[in-house]
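[1] output the structure for:
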Amino acid sequence: MATVKNGQVVLKGYIEGAPKKDDMEMKIGTVELKAPKGSGALLVKNLYLSCDPYMRARMRNFHGSYIQPFVPGQPIEGFGVAKVLDSDNPNFKPGDFISGFTCWEEYSLIHNTSQLRKIQPDDSIPLSYHLGLLGMPGFTAYAGFYEICSPKKGECVFVSAASGAVGQLVGQLAKLHGCYVVGSAGSSQKVDLLKNKLGFDEAFNYKEETDLDAALKRYFPQGIDIYFDNVGGAMLDAALLNMQVHGRIAVCGMVSLHSYSDPKGIHNLFCLVTKRIKMQGFLQSDYMHKFPQFLEHVTDSYKQGKIVYIEDMTEGLETAPAAFVGLFSGKNIGKQVVCVARE
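    Reported below is the predicted structural model:
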């Protein structure tokens with residue numbers, strides 16, 4: 001039975017405030033390239049790892065969330081794409097490609113196989129896209145836009161963090177639905193991508209706006225029908241002031257608040273009453289019955305050239321901590337992925 005070295009990214013301890021590279025460390029362990037008999041587990045080689053903002057919440061000792069915190073001293077867990085090397089599970093065989101929860105390491109023994117999805121390789125779609133376009137972020141965009149926002153043709157849609165993993169697809173789905181779409185992002189390069197590659201009608205750099213309320217009034221003189229919120233904070237406050245009567249707000253994430261242990265409150269919530277706004281948080285896992293429909297819809301749209309996807313990939317497991325930390329200062333352009341190995 002072969003035993004090999006296994007590089008790992010480990011959380012050193014629970015943190016407050018913004019994550020730093022030093023909160024994680026590289027360790028070298030060993031692993032037997034065998035799934036133990038009777039375990040029902042898979043031994044996989046990790047190929048691509050996903051960096052996602054929700055992982056920041058797992059770096060603190062809080063057990064009241066929808067997902068448990070990381071364990072200090074153990075490899076970080078997240079979504080990944082991997083190749084099965086050995087299997088004690090009849091549903092998977094060596095050579096299969098899977099996506100789902102794995103660990104930030106070169107090789108992982110996965111016991112919870114019920115959360116895994118088998119990937120059918122397709123030469124026209126990169127395997128790594130199963131962490132973005134065809135993975136959790138893509139499905140988050142799909143479920144949030146169609147199930148929470150209930151869009152109608154011709155409506156005005158605003159997307160924050162619009163060049164990120166989720167936002168870029170929300171905007172394109174909205175355009176395909178016949179909506180007017182504006183996105184915000186944190187650099188002129190990202191604004192250019194939104195308008196010239198992703199097909200948004202307009203986009204602006206929120207860092208250059210001294211008055212977000214005025215900026216939204218400029219782009220939405222008649223008001224916003226749908227706000228897909230990825231950032232919370234001051235942008236949500238400004239959007240509330242600019243919503244149309246019976247507008248809908250899908251609260252997907254609040255990346256602007258992840259760095260604060262004492263976040264500021266929202267001041268304009270009374271608009272929910274005066275404008276009869278529907279504002280709802282959601283998790284993509286609530287809508288898994290829609291996943292096959294999503295996969296078919298988005299795969300077909302991508303192959304027909306109706307949807308494009310932007311990915312930001314770093315090479316090597318050792319780059320994972322910096323790639324993850326960069327999410328919180330907007331260093332990534334598109335979906336942040338770490339390539340551990342290429343089969």
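
[2] helix, strand or coil for Tyr302?
    Following DSSP: H, G, I helix; E, B strand; the rest coil, we place Tyr302 in the helix state.

[3] show me the contacts for Lys207.
    Going by Cβ atoms under 8 Å, 6 or more residues apart in numbering, Lys207 touches 186-187. Quick note: C-beta positions are derived from backbone N, CA and C, even for glycine.

[4] 7 Å instead?
    Gly186 (Cβ atoms under 7 Å, 6 or more residues apart in numbering).

[5] can you tell me the SS state at the residue sitting nearest the centre point of the chain?
    By Cα atoms, centre = their mean, the chain has its centre lying nearest to Pro137, at 3.9 Å. Classification of Pro137 using three-state DSSP returns helix.

[6] measure the residue lying closest to it once chain neighbours are set aside to Gly247 for me?
    Closest residue in space to Pro137, ignoring its immediate chain neighbours: Ala165 at 3.7 Å, by Cβ to Cβ, 6 or more residues apart in numbering. To Gly247, Ala165 is 24 Å away according to Cβ to Cβ, to the nearest Å.

[7] between these two, which one's more packed in?
    For Ala165 and Gly247, the more surrounded residue by other Cβ atoms under 10 Å is Ala165, and the numbers stand at 31 against 25.

[8] if I read this right, the more buried one contacts Gly132, doesn't it?
    Yes: using Cβ atoms under 7 Å, Ala165 is in contact with Gly132, at 5.4 Å.

[9] between these two, which contacts overlap?
    Common contacts of Ala165 and Gly132, defined by Cβ under 7 Å, 6+ apart, comprise Lys335.

[10] which ones are touching Val337?
    Counting by Cβ under 7 Å, 6+ apart, the residues that Val337 touches are 48-50, 128, 131-132, 311, 313.

[11] meant to ask about Ala203
    162, 182-185, 191, 194-195.

[12] please flag which of those sit within helices.
    Members of the contacts of Ala203 lying in helices (criterion: DSSP state H): 191, 194-195.

[13] can you pull the contacts of Gly334?
    Gly334 neighbours (Cβ under 7 Å, 6+ apart): 163, 168, 310-312.

[14] ranking those by neighbours, who comes first?
    For the contacts of Gly334, the largest number of neighbours (other Cβ under 10 Å) sits with Gln168, at 34 neighbours.

[15] what pLDDT does Met1 get?
    Met1 is assigned 60 on the pLDDT scale.

[16] cool, the one 3 residues further on as well?
    Per-residue confidence (pLDDT) for Val4: 93.

[17] secondary structure element holding it?
    Secondary structure assigned from DSSP states H and E places Val4 in strand 3-11.

[18] can you list the neighbours in contact with the longest strand seen in the chain?
    Determined from DSSP state E, the single longest strand within the chain is strand 77-87. The contact list for strand 77-87 (Cβ under 7 Å, 6+ apart) reads 33-35, 42-50, 52, 55, 70, 92-104, 108, 119, 127-128, 130-131, 135-136, 343.

[19] same question for stretch 130-139.
    Outside of stretch 130-139, the residues within contact range by Cβ under 7 Å, 6+ apart are 48, 50, 79, 81, 99, 119, 165-166, 169, 284, 291, 294-295, 298-299, 302, 309, 311, 335, 337.

[20] straight-line length of it, end to end?
    10 Å (Cα to Cα, to the nearest Å).

[21] tell me which of the contacts of stretch 130-139 fall in strands.
    Under the assignment DSSP E, those contribute 48, 50, 79, 81, 99, 119, 311, 335, 337 to strands.

[22] buried subset of the residues you listed?
    The neighbour-count test (16 or more other Cβ atoms under 10 Å) marks 48, 50, 79, 81, 99, 119, 311, 335, 337 as buried among these.

[23] of the residues you listed, closest to Val273?
    Lys335 (36.7 Å; Cβ to Cβ).

[24] give the closest residue to Gly100 in space, chain neighbours not counted.
    The nearest residue in space to Gly100 (Cβ to Cβ, 6+ apart) is Leu116, at 3.9 Å.

[25] measure that neighbour to Pro94 for me?
    15 Å.

[26] between these two, who's got more neighbours?
    Leu116 (21 against 13).
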